[in-house]
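1. Give me a 3D structure for the following:
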Amino acid sequence: MSNTSTLRLTEGPSATRVVGFGSAQGNRTVTNDDLARIVDTSDEWIQQRVGIVSRRLGEDDQTVVNMAVEAGSKAVADAGLSPAEVDQVIIATCTMPGPIPNAAAQVADRIGIKAAGAFDLNAACAGFCYALNTASDLVRAGSARNVLVIGAERFQEWLDWQDRANCIIFADGAGAAVVSPAEEPAIGPAALGSAGDMVDTIYLRENRYIYQEGQTVFRWATSEVAPVAARAVEQAGLQLSDVDVLVAHQANLRIVEAVAKKLRSRGARDDLVVARDIVHSGNTSAASIPLAIDHMRSAGEINSGDVLLLVGFGAGLSYAGQVIICP
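-> Numbers count the residues shown, from 1 in each chain. Here you go, the predicted structure:
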């Protein structure tokens, strides 16, 4: 039996852009000296190891969903949209209390985005870049008009607070962006990849606490992340010298600085601005890139029209690089 039926594809825009950002953080500021009172560590040791001075942890009611609602609402307002104009919600997270229910549907409903497509995405610390790329593709395919993308994490329940190698690093927060159609491209194609042979370097132990083989991850990141970032720039049709701001996943300040140094050796400008949000925010995994962008915009360190190079990497290992133009 032959079937001559053909599908009618929705025609979408050829280009996309980010039109708004928003963020939220835990209300409690925890300094290195605070941690030194409960675990064998010191301010000097932490700053030398990861570059963190303080981190933000949520109150009991600052859940992944609640922080995502706050960040997402701010992003929608910053975009000049009403919740009714958003038709898809994607949440990048690896710290929901359980696999179901997902965060995205709850967040959409709480913001007032009714009957939206909604799903969670887990690529750990690379999650925001994966979600941003997915949102851009949804808009370009005609499957959505405006997509709210949120990276949201609450790590404190997933940490062994006597494990000084890991409890000093992670924090709670959320960062959001809205992706919409554009006349000219302002979100480049993503450079995506994985290294599944390194799955044992970051994982959850049987007691549900995070384990990270710090030195192995550090060596991998300082050698492999810069080429991913450079590939994203090439795929966007740009040169490294065109990049104004590097917003790497805020995993470790030493890693961020090493990536910036390698990119400068490949052609990035000496005046390349480098996000260092980790110093006072800690490592918020999928939230760290949009959180850093929102903070830098508020501080006047990023301006409309700047070329931003985003690069994320995390457990899996999954990694991603992408270029966007700041709204």
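2. Contacts for stretch 208-216 next, please.
-> With contact meaning Cβ atoms under 8 Å, 6 or more residues apart in numbering, stretch 208-216 is reached by 155, 158-160, 163, 165-166, 169-170, 198, 200-205. Yep, even glycine has a C-beta here, placed from its N, CA and C like the rest.
3. quick one, helices of the stretch 201-327 of the chain?
-> With DSSP state H, counting those that start in this stretch as the criterion, the stretch 201-327 of the chain has helices at 214-235, 253-265, 278-281, 288-298.
4. And the longest one, what's buried?
-> Just to be clear, that refers to helix 214-235. Buried residues in helix 214-235, counted by 16 or more other Cβ atoms under 10 Å: 214, 217-218, 220-222, 224-234.
5. Report the angle between that helix and helix 253-265.
-> Orientation check (axes from the mean of the first three to the mean of the last three Cα atoms, to 10 degrees): helix 214-235 against helix 253-265 gives 30 degrees.
6. residues in contact with L238?
-> Residues in contact with L238 (Cβ under 8 Å, 6+ apart) are 188, 307, 323.
7. Under the pLDDT cut-off, which ranges of this protein? List them.
-> Applying pLDDT under 70 to the chain flags the ranges 1-5, 7-9.
8. give me that answer again for 90
-> The chain contains residues with pLDDT under 90 at 1-13, 206-208, 214, 315-316.
9. Now do the strands in it.
-> Under the criterion DSSP state E, the chain carries strands at the ranges 15-25, 28-31, 54-57, 88-92, 117-121, 147-153, 173-182, 191-194, 202-204, 210-212, 245-248, 273-274, 307-314, 318-325.
10. Given the first one, what are its sheet partners and their directions?
-> Counting by DSSP bridges, the strands paired with strand 15-25 are strand 173-182 (antiparallel).
11. for the strand it pairs with, the distance to its chain's centre please.
-> With Cα atoms, centre = their mean, to the nearest Å as the basis, strand 173-182 stands 11 Å off its chain's centre.
12. Equivalent analysis for stretch 223-233, please.
-> For stretch 223-233, the separation from the chain centroid amounts to 16 Å (computed by Cα atoms, centre = their mean).
13. For it, report the contacting residues that lie outside it.
-> For stretch 223-233, the surrounding residues in contact (Cβ under 8 Å, 6+ apart) are 188-191, 193, 195, 239-240, 242-243, 246, 248, 255, 259, 262-263, 266, 309-311, 313, 319-323.
14. circling back: tell me the most packed of the contacts of L238, by neighbour count.
-> Among the contacts of L238, V323 has the most neighbours (other Cβ atoms under 10 Å), with 26 neighbours.
15. For it, give the beta-bridge partners.
-> On the basis of DSSP bridges, V323 is bridged to L309.
16. follow-up on the earlier one: which among the helices of the stretch 201-327 of the chain is found nearest to R145?
-> Shortest distance between R145 and those, using Cβ to Cβ, is found for helix 288-298: 20.4 Å.
17. on that earlier part again, deepest of the strands of the chain, which one?
-> Highest mean neighbour count among these (mean count of other Cβ atoms under 10 Å): strand 147-153, with a mean of 33.
18. Against which helices or strands is it packed?
-> With contacts taken as 3 or more Cβ pairs under 8 Å, 6 or more residues apart in numbering; DSSP states H and E, strand 147-153 sits against helix 64-78, strand 88-92, helix 103-111, helix 127-141, strand 173-182, helix 288-298.
19. Relative to V199, how far out is the residue nearest to D200 when sequence neighbours are not counted?
-> Nearest in space to D200, with sequence neighbours left out and distances taken as Cβ to Cβ, 6 or more residues apart in numbering, is E213 at 7.4 Å. Going from E213 to V199 by Cβ to Cβ, to the nearest Å gives 11 Å.
20. circling back to that earlier point, of the contacts of stretch 208-216 - the most surrounded one?
-> Neighbour tally across those (other Cβ under 10 Å): the maximum, 26 neighbours, falls on F155.
21. Could you check how far that one is from S223?
-> For F155, the distance to S223 (Cβ to Cβ) stands at 26 Å.
22. Enumerate every residue touching I168.
-> 32, 35, 39, 41, 46, 49-50, 52.
23. Before I go, just wanted to say thanks for your time.
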